[in-house]
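In: need a 3D model of the sequence below.
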Amino acid sequence: MSSLEAQLEEVQQRKTKILEKIDEKNSRKKIKCAVKSCGKLHSIKNLTLIQTHHYVSPHGCTEGDYWNAGEMQFVCPDTKVINRIMLDNDDVAWEDRGEYGNDPESQFGKRYASLFKEVIEGYGSSYRKDDEELATDDVTNGRWVNNYYVDKNRKKFGLVERRKES
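Out: All right, here's what the predicted structure looks like:
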């Protein structure tokens, strides 16, 4: 192996270690449950994330009949109330919202989803983990609240900041 290749390998190993440290730091960041849940702060690594999906029914000759990823939610470990992670992007023009740099939800998902204790997939009113159906009572008590903590603390989570009013 040449000297340059060895240096590159060393840099890649350092990069991997640094990324692991960043993930560990981010997993310790706390999200506050909504007041109607428990109102406490919880480390991301201690929470269960639910990635919801919504069904697109068949239409036309070849369209639909699939599930799209929807919003992210987390389950309060104390009350089992679902906290919907609400991110308001109304200050961005509709046609620009799909761009990653303008989309705090995509940014949050990419940076934090894998750091939760576990990720459960939500399909309508059913839940799955590792292709196994879960009993709804095991996941939640059936209650949910809108939670704007991440939206109000975008800087803390390294997400795109709200645009200033002109």
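In: next, residue 82: phi, psi?
Out: The phi/psi pair for residue 82 (degrees, to the nearest 10) reads phi -80, psi 130.
In: pLDDT below threshold where in the chain?
Out: Within the chain, the ranges that satisfy pLDDT under 70 run 1, 165-166.
In: what are the ranges of the helices in it?
Out: 3-27, 104-112, 136-139, 149-152 (DSSP state H).
In: check contacts around the nearest residue to residue 48 once chain neighbours are set aside.
Out: Spatial nearest neighbour of residue 48, chain neighbours left out: residue 75 (4.5 Å); criterion: Cβ to Cβ, 6 or more residues apart in numbering. Every C-beta, even on glycine, is put in place using the N, C-alpha and C of the backbone. Contacts of residue 75 were listed using Cβ atoms under 8 Å, 6 or more residues apart in numbering, and they are 47-48, 50, 81-83, 139-140.
In: and which of the residues you listed is nearest to residue 111?
Out: Minimum distance to residue 111 across these is 14.7 Å, recorded for residue 47 (Cβ to Cβ).
In: number of nearby residues for the nearest residue to that closest one once chain neighbours are set aside?
Out: Taking Cβ to Cβ, 6+ apart, and ignoring the residues beside it in sequence, residue 47 has residue 74 as its nearest neighbour in space, at 4.6 Å. By other Cβ atoms under 10 Å, 24 other residues sit near residue 74.
In: hang on, isn't residue 74 packed against residue 52?
Out: No. With contact defined as Cβ atoms under 8 Å, residue 74 does not reach residue 52; the gap is 11.5 Å.
In: so how far is residue 8 from the spatially most central residue of the chain?
Out: By Cα atoms, centre = their mean, the chain has its centre lying nearest to residue 109, at 3.6 Å. Distance of residue 109 to residue 8, given as Cβ to Cβ, to the nearest Å: 30 Å.
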